[in-house]
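Novice: Please find the sequence and the predicted model below.
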Amino acid sequence: MDAMLESVASMPLWQQVAGVIRRAIRAGQLRPGDRVVEAQLARQLGISRNPIREALRQLQQQGILEYRPNAGTIVAKVAAADAQVALEMRAFLEARAVRLVLEAGADGRLERLEQLVAQMANLSPEAPIARAEELDAQFHDHLLTACGSPMLRRVWETVDPYTWMIMVAWQRRSPDYQLDYRGLYEDHQQLLNTLRAGEAAPAEAAVWNHIMRRWQDVKREM
């Protein structure tokens, strides 16, 4: 998790800590069932335990973490029955974000997405899976930033870790899992092309299908 332990100098600290934990889950550095130790986080981040305690409490309320008497705080496991709901919620939220981006005018809002897709295109076969998945996550993260809706982003930040918990749990069950780097690039290039075209309905459908297609892969293995 060390690579995800970014600076938490800005206020409020507990939100910054919660963001660190979410990104660690997204990167697969914290997986379902893994412990999240308050004292360890305090040492690694160089801050007191109070904001860490508040971050853990908030993430427990959201269901991303859970407390077990004999294990402490752990990353929650997503039941198979909840997995499709989580993916559908994320797909809905991102489809709405796409519409907001296009309604506001996509000029200047796609530059970061273009940079991320270019980095996907340049991934070497030897690149770590974590790097490819981080580019994937950053693409969707920026989409929610570009839409300009703080409320939509807050809801998405609650749902998004569940989808990554589902994905990393699936990968753990599949020791031979290989990410198709070329396919990752082509999928996101197609999304970007749809956004450039500026038509909201096709763009909404594209992002919905992009997310739910991944779910079909996972469902076959569950």
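Specialist: Right, received. Where do you want to start? Fair warning: this is a prediction, and the values are worked out from it, not measured in the lab.
Novice: quick one: contacts of the worst-scoring helix or strand of the chain on mean pLDDT?
Specialist: Within the chain, no helix or strand scores below helix 150-173, which has a mean of 79 by mean pLDDT, DSSP states H and E. When contacts are defined by C-beta atoms under 8 Å, 6 or more residues apart in numbering, helix 150-173 is touched by residues 22, 25-26, 28, 31-32, 62-64, 75-78, 82-83, 86-87, 89-90, 93-94, 96-97, 100, 137, 140-141, 144-145, 147, 177, 211, 214, 217-218, 221-222. Glycine gets a C-beta too; all of them are placed from N, C-alpha and C.
Novice: again with stretch 115-130
Specialist: With contacts defined as C-beta under 8 Å, 6+ apart, stretch 115-130 is touched by 27-29, 131-132, 135-136, 138-139, 142, 179, 181, 184-185, 188-189, 192.
Novice: One more: stretch 65-77?
Specialist: 21, 25, 30-38, 56, 59-60, 63-64, 165, 169.
Novice: Any quick PyMOL command for the buried ones out of those?
Specialist: In PyMOL syntax, the buried subset of the contacts of stretch 65-77 is picked out as below (16 or more other C-beta atoms under 10 Å):
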select buried, resi 21+25+30+31+32+36+56+59+64+165+169
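Novice: In strands, which of the contacts of stretch 65-77 appear?
Specialist: Among those, DSSP state E puts none in strands.
Novice: if you look at the contacts of stretch 65-77, which of them are in helices?
Specialist: Of the positions in the contacts of stretch 65-77, Ile21, Ile25, Glu38, Leu56, Leu59, Gln60, Met165, Ala169 sit in helices, assigned by DSSP state H.
Novice: which residues does the residue nearest to Glu204 when sequence neighbours are not counted contact?
Specialist: Closest residue to Glu204 apart from its sequence neighbours, by C-beta to C-beta, 6 or more residues apart in numbering: Ala95 at 4.1 Å. By C-beta under 8 Å, 6+ apart, the contact set of Ala95 is Glu204, Ala205, Val207, Trp208.
Novice: 7 Å - rerun?
Specialist: Shown in contact with Ala95 (C-beta atoms under 7 Å, 6 or more residues apart in numbering): Glu204, Val207, Trp208.
Novice: which residues in the protein form helices?
Specialist: Under DSSP H, the chain gives helices at 13-26, 38-45, 49-61, 80-104, 111-121, 129-146, 150-173, 181-197, 200-221.
Novice: Okay, angle between the fourth one and helix 181-197 too, please.
Specialist: Put plainly, it is helix 80-104. 40 degrees (axes from the mean of the first three to the mean of the last three C-alpha atoms, to 10 degrees).
Novice: Flag every buried residue along helix 80-104.
Specialist: Under the neighbour-count criterion of 16+ other C-beta under 10 Å, helix 80-104 has 83, 86-87, 89-102 buried.
Novice: ok, and the closest non-adjacent residue to Leu110?
Specialist: Using C-beta to C-beta, 6+ apart and skipping residues adjacent in sequence, the residue nearest Leu110 is Leu195, 6.0 Å away.
Novice: neighbours around the one you found, how many?
Specialist: Neighbour count of Leu195, defined by other C-beta atoms under 10 Å: 24.
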